[in-house]
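> How does the following fold in three dimensions:
(one chain, ligands or ions: 3)
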Amino acid sequence: MTDTQNGKPNISPLQATEDKAGDSELLKITMERLRRAELLLRQSEYRLVRVQKFAGLGSWEWNVQTGDIYWSDELFRIFGLNPSDHQLIELDWVFSLINPLDLPAFKKVIFAAATDGQPFNLVYRINSGTEGETVVNCQGEVEYDAEGRLRLVSGTTLDITDRIRAESEIQQLINYDTLTGLPNRSLLHDRLKRAIAQAARDQQLVGVLFIDLDRFKNINDTLGHPAGDTLLKTIAGRLAACVRESDTLARLGSDEFVVILVGASSAEGITTVAKKILMLVSEPIYIDGQEIYTSASIGIAVYPMDGDDSYALLKHADFAMYQAKELERNNFQFFSREMNVKVLERMKLENSMRKALEREEFFLVFQPQVDVRSGRITGMEALLRWQHPDLGLLTPDKFIPLAEETGFIIPMGEWVMHSACRQNIIWQQQGLPSVRVAVNLSAKQFGQYNLDEMILATLMETGLDPQWLELEITESAIMKNAEQTAIILRKFKAMGISLAIDDFGTGYSSLAYLKHFPISRLKIDRSFVQDITTNPDDAAIAEIIIAMAQTLKLSVIAEGVETRAQMELLSFNNCIEMQGYLFSRPLPAEQFATLLRDGLKF
Ligand code: C2E
Ligand code: CA
Ligand code: CA
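Ligands and ions are numbered 1, 2, ... in the order given. Alright, predicted model coming up:
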């Protein structure tokens, strides 16, 4: 005889014995069977509770019609609560237990399930009293009553905190180097792929710097592995200081590191970082009281020139690194030959520029500014030239950008200011007509903290009256740091120095800012003057600039005037002052003195 069939108590044999046995006997058997059935049920419930506890699985029910909410003991435990403290559960209380960041999503899912009847599954963090963050996975379903009204929402809630933590630990192991905590090769490829995709969209470069420490094996062998590890960690820290947050620094293994530089627009930016890395790596490192010197060799590949996928770029950077090591250690090499040549030329130019000042290779040429009605020279613009020992005569466009980048513009600008003022006073002392000299200032010079003091000192030293000095500044230079520039410009104005806006019309200008700055003159950019007789748009722009200057009571001068027709059209439109090849090319000082003495013929 079996007690159960299909897991359910079987009571039919009970009825079969009814007539044969006495009442008390029947009751005894019945009780015994009920007891055993109950025991089995308890056991199976107990097993379920145990399983739920091991699994961190809680169950719950929400009777939507009565508002009753049931929670299993295990569910309380997951939330860090004691079941006996919470007899009556309300919906708002449940909501209060959910991390506020996840609550909106939680409500949305539950209410959506209640409306469309679909089972749901969501992960959220709880606001528990327990330490650390608990993450749960909640699954549920919806039941309707016979009339089709929503009756019950029920389901399970599983504690998945450990799983999530293990997953993130696995991620850490998969993606990061254990010694330095830096991204490893796998994550590096990932980041590089992303950087390439972004650069393709923005039309920018990606620099891949493959860095290998020189003689690392040597250090490891003589000082031991712990010292080697300390060295690598120190180097990792120094490398991290060379890159921005958007860049990636990774360790490929042993003494190999890779830097991904994003957002670069030229090889120069990449070169700057490479130089900085070389410098920082070669600083001494102290390990166990010992001073250790190391250096690095860097190979550089650049997207898109040197490859368009992460593997090609890395391979080429690696290849370039070997070339760097072969040439001389503590050095960098670009993968492409052209890039190497370009960078090398720049470095040569940079080095020769530093020596050019003391070797007196710079000189000024002067171009007259003319009042076309009287034919008189009213001013001159000082323009810089460099007589390079190997490259010959260089115009500013060949070296000013480099000077700005390297900071050399500061001593060079000082030299220009001094030479221009001194030349002017010399001519005045020789009895030549007094004219103002215009000196160009680049944007970088406004960053010079003592620009005003430098100019004042120059005026005092040379004895030039400030009224004979004009500063030429481009619109973009002014706008770069408008607030600070306004302050400096007011100082100049107060000193009696006049200010001209160079290349006017090419930047973005508004009347508002023109009023904001103490300006005396606008220089109509050469590009408008060039086509003024053939392009009606350019003619219109020139006309507007002239009219605007008149309204604001500013002087106006046209630059780059080459033909008589240009001159006539400009003067017809009331622009009286001009500068350009039609009157004179920029001239060395001696020739300009002759012009000053004899006057201009045009
Ligand atoms: P910029 O201030 O617009 O200077 C005028 C440029 O136009 C000069 O070139 C001049 O030689 C040239 N030019 C003059 N008349 C004509 C003409 O009729 N037709 C044509 N096609 N060109 C003409 P340069 O001397 O090569 O100077 C180039 C730029 O270099 C200057 O442009 C200025 O921005 C900068 N620069 C020159 N000297 C200095 C300096 O001492 N310091 C700084 N910071 N920048 C300077
Ligand atoms: Ca100029
Ligand atoms: Ca100009």
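> Look up how far ligand 1 lies from the spatially most central residue of the chain.
Closest to where the C-alpha atoms of the chain average out (CA atoms, centre = their mean) is S246, at 5.3 Å. Distance, S246 to ligand 1, using CB to the nearest ligand atom, to the nearest Å: 31 Å. Where C-beta positions appear, they are placed from N, C-alpha and C, glycine not excepted.
> residues in contact with that residue?
For S246, the contact set (CB atoms under 8 Å, 6 or more residues apart in numbering) comprises 262-263.
> Over to the one 5 residues further on?
Counting by CB under 8 Å, 6+ apart, R251 touches 177, 179-180, 182-184, 232, 236, 257-258.
> so it is in which element?
strand 248-253 (DSSP states H and E).
> The helix or strand that that strand is followed by packs against which elements?
For strand 248-253, the following helix or strand on the C-terminal side (DSSP H and E) is strand 256-264. Using 3 or more CB pairs under 8 Å, 6 or more residues apart in numbering; DSSP states H and E, the elements in contact with strand 256-264 are helix 185-202, strand 205-213, helix 225-242, strand 248-253, helix 267-281.
> and these, which is most packed in?
Highest mean neighbour count among those (mean count of other CB atoms under 10 Å): strand 205-213, with a mean of 26.
> mind saving the C-alpha coords of the following helix or strand past it as CSV?
Going down the chain from strand 205-213, the next helix or strand is helix 216-223, by DSSP H and E. Extracted in CSV, the C-alpha atoms of helix 216-223 (Å, rounded to 0.1, in the frame of the first residue of the first chain):
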residue,chain,number,x,y,z
PHE,A,216,65.3,46.6,-18.5
LYS,A,217,66.4,43.0,-18.5
ASN,A,218,69.7,44.1,-17.2
ILE,A,219,68.1,45.9,-14.2
ASN,A,220,65.8,42.9,-13.5
ASP,A,221,68.8,40.5,-13.5
THR,A,222,71.1,42.6,-11.3
LEU,A,223,68.6,44.0,-8.8
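> Report the mean per-residue pLDDT for helix 216-223.
Taken as a whole, helix 216-223 has a mean pLDDT of 87.
> Ok, stretch 154-163 next?
On average, stretch 154-163 scores 92.
> for stretch 483-492, same thing?
Mean predicted confidence for stretch 483-492 is 88.
> Which helix or strand lies directly C-terminal to the longest strand anywhere in the chain?
When the chain is parsed with DSSP state E, its longest strand is strand 376-388. Using DSSP H and E, the helix or strand that directly follows strand 376-388 along the chain is strand 392-394.
> and for that next one, what are the contacting residues?
By CB under 8 Å, 6+ apart, strand 392-394 touches 385-388.
> Ligand 3 contacts on this protein?
Applying CB under 5 Å from the ion, we find that the chain lies next to ligand 3 at 502-503.
> How is the chain divided into domains?
Split into domains by automatic domain parsing, the chain comes to 1-55, 60-165, 178-335, 360-598.
> Quick one: residues in contact with the host helix or strand of M567.
Secondary structure from DSSP H and E places M567 in helix 564-572. Helix 564-572 is contacted by residues 372-373, 529-530, 532-533, 539, 542, 558, 561, 578, 580, 582 when judged by CB under 8 Å, 6+ apart.
> Spell out which parts of the stretch 451-600 of the chain neighbour ligand 2.
Residues of the stretch 451-600 of the chain lying near ligand 2 (CB under 5 Å from the ion): 472, 502.
> quick one: low-confidence ranges for the stretch 451-600 of the chain?
Residues of the stretch 451-600 of the chain that meet the criterion pLDDT under 70 lie in 508-512.
> Apply 80 and report the result again.
Along the stretch 451-600 of the chain, the model assigns pLDDT under 80 to residues 481, 507-515.
> how about the helices in it?
451-462, 475-480, 482-495, 511-516, 526-530, 536-551, 564-572, 589-598 (DSSP state H, counting those that start in this stretch).
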